[in-house]
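Asker: Got a sequence here, can you model it:
(one chain, ligands or ions: 2)
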Amino acid sequence: MSAPQHHHAYRCPELLIAGAWRRGGGERRQTIVNPADGQTLDELALASAKDLQDTLRASAEGFELWRRVPAHQRGERLARGVARLRERCEHIATLLTLEQGKPLAEARAECLMAADLIQWYAEEARRVYGRVVPARQPDSRMTVLKQPVGPVAAFSPWNFPLVLSARKLGGALAAGCSIVLKGAEETPASVAAMVACLAEELPPGALQLVYGVPAEVSETLIASPVIRKLSFTGSVPVGRHLAQLAGRHLKRITLELGGHAPVIVCEDADLARAVPLMVAHKFRNAGQACLAPTRFYVARRLYGDFIDAFAQASRALVLGPGLAPGTQMGPLANQRRRAAVLDLIERSVQRGARRLASEAPAGGCFVAPTLLADAPQDLPAMQDEPFGPVACVAPFDQLDEAIARANDNAYGLAGYLFTDSAKAILKVSERLEVGSLAINGLGVSVPEAPFGGVKDSGHGSESGIEGMEAYLDTRFTHFVA
Ligand SMILES: NC(=O)c1ccc[n+]([C@@H]2O[C@H](COP(=O)([O-])OP(=O)(O)OC[C@H]3O[C@@H](n4cnc5c(N)ncnc54)[C@H](O)[C@@H]3O)[C@@H](O)[C@H]2O)c1
Ligand SMILES: O=S(=O)(O)c1ccc(CO)cc1
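Answerer: Ligands and ions are numbered 1, 2, ... in the order given. The predicted model follows:
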């Protein structure tokens, strides 16, 4: 392990507990590595058991303070935090690129997307309406009230640390909940810088940030009677484990557990439009996105042309360190991911897939953009989420066959369709087992619409009014005068 380089812009953050930043008191440290060159950036001090108990106490106190702030003021205060986030975007994006690897332009876009997400929730805070139900007897009133569910524990991953934390922070805080965020230990500084923008506007304990040993943090928070709701984005095994803990302690839970998005390219599709969109979307963040298009089912008539165009556009991508000007695809976020992706490619090639790939830069965690053509349905890369710069492609003859193969996967998060045929659009919209479908585009995730999955991709939605509802309890009041 190399000594910390202390890049001029990079320092590991402290934890935000009860309104004050403090160094994690635990014995363990997490080494933060720049995936572009393998250099150590800094060491993160993790939370102790006492830090977590202090966090729980402050979360209960912060909830009592924050829930009493009128909704329109909550919105205004969050909006001020969002303005600060936009002002500090360049600094935060640089931290994100250093610790996560994505190109600086993508890091900036992520920071601004996180700002948009929280802004939408800030505006929505004042629109959390209840309703009046016609009463069953004279001189009485029946009302339905929406109330914040209580202190929330949220767990966000390393691939889109800002966006995937912002969805949880925005919803919980706008609804009037307090929230403890456990960010991903691999990417701590960018999230801390975003949290700092918001925390300046909030009472102590309303928003807290911890990093720790993940299992210790989740078990402590979920078992505590203080915490009323969980939200997790990450892998299926960890999601299953947290769902079991949530069940044991009867906590509400929202789970976003990844995807293996099918793309159906019909015979009438415009390849000149579809291919550049899908190549950019596929290789954004080096493919480490739950909504990335990964399984292409292409009408046989277009199959050869699609492969040629896709492979050519992928080869043209400029790979390099995220901070280097002109870089279009950075490294994977860590060596663990690189090893897993290379293994998936090798196993798939051994099973007969045709590999079309360019060269990856030496050093760091780079993997070349890879297309696996003539992919049978049981190919490892067709079944397992690649979470890297790997796409599979196979031809189809009938739309029903393409839909059946698209649905033949444990995941059901995003899906994509390219066609102008109304019949095909209706059929796929009805039958594709996904939480979000984009037709002739890539917009499956926007602040004002719900984002969530079916099957092993999890349950519940984030963003949109559904994302707000996830942080609200419903209370019926029947009043007789
Ligand atoms: N849905 C997404 O956006 C998303 C994000 C990251 C990873 N993933 C999936 O996870 C796979 C592997 O990634 P990984 O190696 O980082 O996975 P992992 O399962 O080891 O960790 C995923 C995240 O969960 C957290 N975590 C792990 N154990 C936990 C626990 N007991 N309690 C609370 N949090 C815990 C980690 O800190 C990390 O941020 C990827 O291939 C991908 O399929 C999905
Ligand atoms: O940046 S977004 O397109 O909104 C986005 C949403 C979800 C995920 C999950 O990995 C990644 C990026």
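Asker: The closest residue to Gln288 other than its chain neighbours: neighbouring residues, count only.
Answerer: Nearest residue to Gln288 in three dimensions, chain neighbours excluded: Asn159, at 4.3 Å (Cβ to Cβ, 6 or more residues apart in numbering). (Each C-beta comes from the backbone N, C-alpha and C, glycine too.) Residues lying near Asn159 (other Cβ atoms under 10 Å) number 27.
Asker: wouldn't Asn159 be in contact with Ala289 here?
Answerer: Yes: using Cβ atoms under 8 Å, Asn159 makes contact with Ala289 at a distance of 6.4 Å.
Asker: ok so, going back, assumed the residue nearest to Gln288 was part of a strand.
Answerer: No: according to DSSP: H, G, I helix; E, B strand; the rest coil, Asn159 belongs to no strand; its state is coil.
Asker: ok, it - contacts?
Answerer: Taking Cβ atoms under 8 Å, 6 or more residues apart in numbering, we find Asn159 in contact with Gln100, Asn285, Gln288, Ala289, Cys290, Ala333, Phe387.
Asker: hmm, try it at 7 Å
Answerer: Asn159 sits next to Asn285, Gln288, Ala289, Ala333 when contact means Cβ atoms under 7 Å, 6 or more residues apart in numbering.
Asker: and the residues you listed as CSV, adding secondary structure?
Answerer: Formatted as CSV, these follow (three-state DSSP):
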residue, secondary structure
Asn285, helix
Gln288, coil
Ala289, coil
Ala333, coil
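Asker: Select from the residues you listed the one having the most neighbours.
Answerer: Ala333 (27 neighbours).
Asker: give the contact list for that one.
Answerer: Per Cβ under 7 Å, 6+ apart, neighbours of Ala333: Pro35, Gln100, Gly101, Trp158, Asn159, Glu186, Gln288, Cys365.
Asker: Any residues of the stretch 201-350 of the chain in contact with ligand 1? List them.
Answerer: 214-215, 218, 233-235, 237-238, 241-242, 256-258, 290, 336 (Cβ under 6 Å from any ligand atom).
Asker: If we use 8 Å, what do you get?
Answerer: 214-215, 217-219, 232-238, 241-242, 256-259, 288-290, 334, 336-337, 340 (Cβ under 8 Å from any ligand atom).
Asker: Centre-most residue in the chain?
Answerer: Leu164 (3.8 Å; Cα atoms, centre = their mean).
Asker: Where does it sit: helix, strand or coil?
Answerer: Here Leu164 is helix, with the state taken from three-state DSSP.
Asker: from memory it sits against Thr233, does it?
Answerer: Yes: contact status for Leu164 versus Thr233: in contact at 4.8 Å, counting by Cβ atoms under 7 Å.
Asker: Give the intersection of the neighbour lists for those two.
Answerer: Ser156, Pro157.
Asker: can you list the contacts of Ala333 in CSV and add pLDDT and distance to His459?
Answerer: As requested, the contacts of Ala333 are exported to CSV (pLDDT from 0 to 100; distance: Cβ to Cβ, whole Å):
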residue, pLDDT, distance to His459
Pro35, 98, 31
Gln100, 98, 27
Gly101, 98, 30
Trp158, 98, 22
Asn159, 98, 20
Glu186, 98, 26
Gln288, 98, 22
Cys365, 98, 32
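Asker: on that earlier part again, please name the residues that touch the residue nearest to the centre of the chain.
Answerer: For Leu164, the contact set (Cβ under 7 Å, 6+ apart) comprises Ser156, Pro157, Thr233.
Asker: nearest to ligand 1, of those residues?
Answerer: Set against ligand 1, the nearest of the contacts of Leu164 by Cβ to the nearest ligand atom is Pro157 (3.4 Å).
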